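# Just to be clear, the model below is a prediction. Sequence and coordinates:
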Amino acid sequence: MIEITGLSFSYHDSLQALRDIHLTVQTGERLALVGPNGAGKSTLLLHLNGSLRGTGRIVIDGLELNDKNLPAIRAKVGMVFQTPDDQLFSATVFDDVAFGPVYQGMAGDVVNKRVNEALDHVGMANARMRAPYHLSLGEKKRVSLATVLSMQPEILALDEPTSCLDPKGKRELIELIMIMPQTMVIATHDMRLAKVLCPRLVVMDAGCILFDGETKQVAEDHSLLKKLGCDWFV
């Protein structure tokens, strides 16, 4: 589903955020990206739908990431940002969730169906006409996810989905994500999420991949954790 070959990227201040990344993700796989702040996790996610463009080659479901294929790839890859307020900007929850289908020119009845299904899926059907800024953080996270699900993507790129949530909110969001069928790449510091949701784990630091293997292997190998600088993995 995702093939990345030789991906490198530098920001305008010359900071090299990604260094020769090679990564393949199979259809239906759930992959956790972990590492310290500044490791390159979010930067890598933003390359999956072309929000950032570095050097190297990215193929999404058989489509090479280029200007011609960009609209089709963005329809396949749903990006959920760490901060819901970066994703919610409309007067009502309905308008936010409907934005993608409306932008794609779908008919009104199709838009309504997509919105209803997405909100039902995240348990926010009763919030259709509420203002997003009146929602709790956990509710905003759910609605942000619904804005992506309304586009029916094949891939979910989730950036710190459980950050700043209380234990109950984290548990509920993990349970929600667990039943979703999409291929997922999840950048996270939440090791419970990684262990529960993602059989495979990639450790990043300074724009490089240090480890790519079974999450269980990393979680149970304390010497490997120390070697990878992941003593914080609990």
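Noted; the coordinates are in hand. Numbers count the residues shown, from 1 in each chain.
# Tell me what residue 213 is bridged to.
When assigned by DSSP bridges, residue 213 has beta-bridge partners residue 201.
# What degree of burial does it show, as a neighbour count?
14 (other Cβ atoms under 10 Å). For the C-beta atoms, the positions are set from N, CA and C on the backbone; glycine is no exception.
# and what of residue 95?
Neighbours around residue 95, by other Cβ under 10 Å: 17.
# now what about the helix or strand that contains it, what contacts it?
Assigned by DSSP states H and E, residue 95 falls within helix 93-103. Residues outside helix 93-103 that contact it (Cβ atoms under 8 Å, 6 or more residues apart in numbering): 87-90, 110-112, 114-115, 118-119, 124, 127-132, 135, 143, 146-148, 150-151.
# gap between the residue most central in space within the chain and residue 128?
Centroid-nearest residue in the chain, with Cα atoms, centre = their mean: residue 158, separated by 1.7 Å. Distance, residue 158 to residue 128, using Cβ to Cβ, to the nearest Å: 23 Å.
# do residue 49 as well
26 Å.
# More neighbours: these two, which one.
Counted by other Cβ under 10 Å, residue 49 and residue 128 do not tie: residue 49 has more neighbours, with 21 against 16.
# So for that one, what's the pLDDT?
At residue 49, the pLDDT value in this model is 95.
# what bridges to the closest residue to it other than its chain neighbours?
Distances taken as Cβ to Cβ, 6 or more residues apart in numbering place residue 77 nearest to residue 49, at 4.1 Å, with adjacent residues excluded. With DSSP bridges as the criterion, residue 77 is bridged to residue 155.
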